[in-house]
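Undergrad: need the 3D shape of this:
(chains A, B, C and D)
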2 protein chains.
Amino acid sequence: MTEARKPGFSDCNNATLRRAARSLGRFYDDALGPTGLKSTQFGLLFQIHISDEPAMGAIAEALIMDLSALGHTLKPLIRDGYVGTFPDKDDRRVKRVRLTPRGQAKLDEALKLWSIAQRQFEEKLGAEQAAKLRAALDAVADLDLEMPAAAPSN
Amino acid sequence: MTEARKPGFSDCNNATLRRAARSLGRFYDDALGPTGLKSTQFGLLFQIHISDEPAMGAIAEALIMDLSALGHTLKPLIRDGYVGTFPDKDDRRVKRVRLTPRGQAKLDEALKLWSIAQRQFEEKLGAEQAAKLRAALDAVADLDLEMPAAAPSN
DNA sequence: CGGGAAAAGTGGCATATGCCACTAATTGAA
DNA sequence: TTCAATTAGTGGCATATGCCACTTTTCCCG
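TA: Numbers count the residues shown, from 1 in each chain, chains lettered A, B, ... in the order given. Down below sits the predicted model:
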């Protein structure tokens, strides 16, 4: 049993990517478990940390995620007091985000566990393989994928 | 502007993977848009299609997803009449899944659009790069990732 | 300067995924 | 045979993500 995959199985790049994402996500989630953060939240806190009080749009762009999705994802972090927001001085449409001291502390705590998971993963896959994989993934993410938009705009 | 990523940015394999998944997912979702299926649903229908009336557990294992998550994901597909379930003859705990004629037709319809997206993606990234990437992703997914489980079982 | 277009978020709705606590069936001993 | 352990799913709860329709601000052009 357990012959899970058949030859010619799934050549779908997207399906393969998601499958790996579920697998790896579980691993990092488990590693971060003690902090109470999901790996996605950790990634978000980290992105905010390395940015300078970024606007929501900037975060969404960096992470290639929908702006409204970011807003939703941010809520539990705000509720738990890890991040705070404030309006931009010059453009009242813009909402900037930053870590609270509590959020910074939580990130520091999470970074320790993250680095363990990261190391373990790279031990299994090989640091070079991992680096190549990340590079390939970044290439995919930054690809200019647009549907041909069959219908001429008018 | 748009200097999204800084050097030494995110070395997190998981974050990089998710970012790429969001990006690629959007592309395939757009491509499948006309069918009303999300790329995840397409993948699920396809997995059921290539299996022989698989049990839910078998699908979950193949896709490396949580069994309950699979159950949830299956609901809209059942509601829309694309898949049906029935109890296993020998083990009443087991619930098997199969495509309905309507589901088969929808899958056929989706496959056409999927292949266009797939081709376009591989044109941009390069078929060989894509194949290598899928292989690497499968390797990651099938890695035996386990937390060291610090606490001895008892 | 006035009004329409563009930009940045928000809220609602729907799917994707996970974990946990349970229930129903089976299996494996004693 | 009987009961504890295991297996397969279900349901509830929470986060992750997207799209769409709006609202508020800015921008920019005539």
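Undergrad: going by C-alpha atoms from here, please, whenever you check contacts or count neighbours.
TA: OK.
Undergrad: residue ranges in chain A under the pLDDT threshold?
TA: For chain A, applying pLDDT under 70 flags the ranges A:1-9, A:147-154.
Undergrad: the longest helix in it is where?
TA: Counting residues, the longest helix found in chain A (DSSP state H) is helix A:101-125.
Undergrad: show residues contacting the helix or strand just after that helix.
TA: Going down the chain from helix A:101-125, the next helix or strand is helix A:127-141, by DSSP states H and E. Outside helix A:127-141, the residues that touch it by CA atoms under 8 Å, 6 or more residues apart in numbering or on different chains are A:64, A:122, B:11, B:13, B:16-17, B:19-21, B:23-24, B:125, B:133, B:136.
Undergrad: change it to 7 Å
TA: A:122, B:13, B:16-17, B:19-20, B:23-24 (CA atoms under 7 Å, 6 or more residues apart in numbering or on different chains).
Undergrad: that one vs DNA strand D: in contact?
TA: No - Helix A:127-141 lies out of reach of DNA strand D by CA under 7 Å from any atom of the strand, never closer than 10.8 Å.
Undergrad: what comes up buried for stretch A:109-117?
TA: By neighbour count, and taking 16 or more other CA atoms under 10 Å in any protein chain shown as the criterion, the buried residues in stretch A:109-117 are A:110-111, A:113-114, A:117.
Undergrad: returning to that earlier point: kindly reformat the contacts of helix A:127-141 as TSV containing distance to residue B:82 and neighbour count.
TA: Output for the contacts of helix A:127-141, formatted as TSV (distance: CA to CA, whole Å; neighbours: other CA atoms under 10 Å in any protein chain shown):
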residue	distance to residue B:82	neighbour count
A:122	41	16
B:13	35	23
B:16	33	21
B:17	30	26
B:19	30	22
B:20	29	27
B:23	27	24
B:24	25	25
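Undergrad: could you tell me the angle between the longest helix of chain A and helix A:127-141?
TA: Here the directions of helix A:101-125 and helix A:127-141 differ by 120 degrees (axes from the mean of the first three to the mean of the last three CA atoms, to 10 degrees).
Undergrad: which other helices and strands contact helix A:101-125?
TA: The contact analysis (3 or more CA pairs under 7 Å, 6 or more residues apart in numbering or on different chains; DSSP states H and E) places helix A:101-125 against helix A:13-32.
Undergrad: does the helix it packs on reach DNA strand D?
TA: No - figure legend: helix A:13-32 not in contact with DNA strand D (CA under 7 Å from any atom of the strand); closest approach 9.2 Å.
Undergrad: give me the residues contacting the next helix or strand after that helix.
TA: Later in the chain than helix A:13-32, the nearest helix or strand by DSSP H and E is helix A:39-50. With contact meaning CA under 7 Å, 6+ apart, helix A:39-50 is reached by A:25, A:28-29, A:32, A:54, A:98-99, A:107, B:15.
Undergrad: re the thing from before, which of the contacts of helix A:127-141 sits closest to DNA strand D?
TA: residue B:23 (6.1 Å; CA to the nearest atom of the strand).
Undergrad: list the contacts for that closest one?
TA: A:64, A:141 are the contacts of residue B:23 under CA under 7 Å, 6+ apart.
Undergrad: show me what from chain A comes close to DNA strand C.
TA: Residues of chain A lying near DNA strand C (CA under 7 Å from any atom of the strand): A:18, A:22-23, A:26, A:30, A:55-58, A:67-69, A:71, A:93-96.
Undergrad: which of the buried residues of stretch A:109-117 sits closest to DNA strand C?
TA: residue A:117 (15.0 Å).
Undergrad: my read: that closest one touches residue A:30, true?
TA: No - with contact defined as CA atoms under 7 Å, residue A:117 does not count as touching residue A:30 (9.0 Å).
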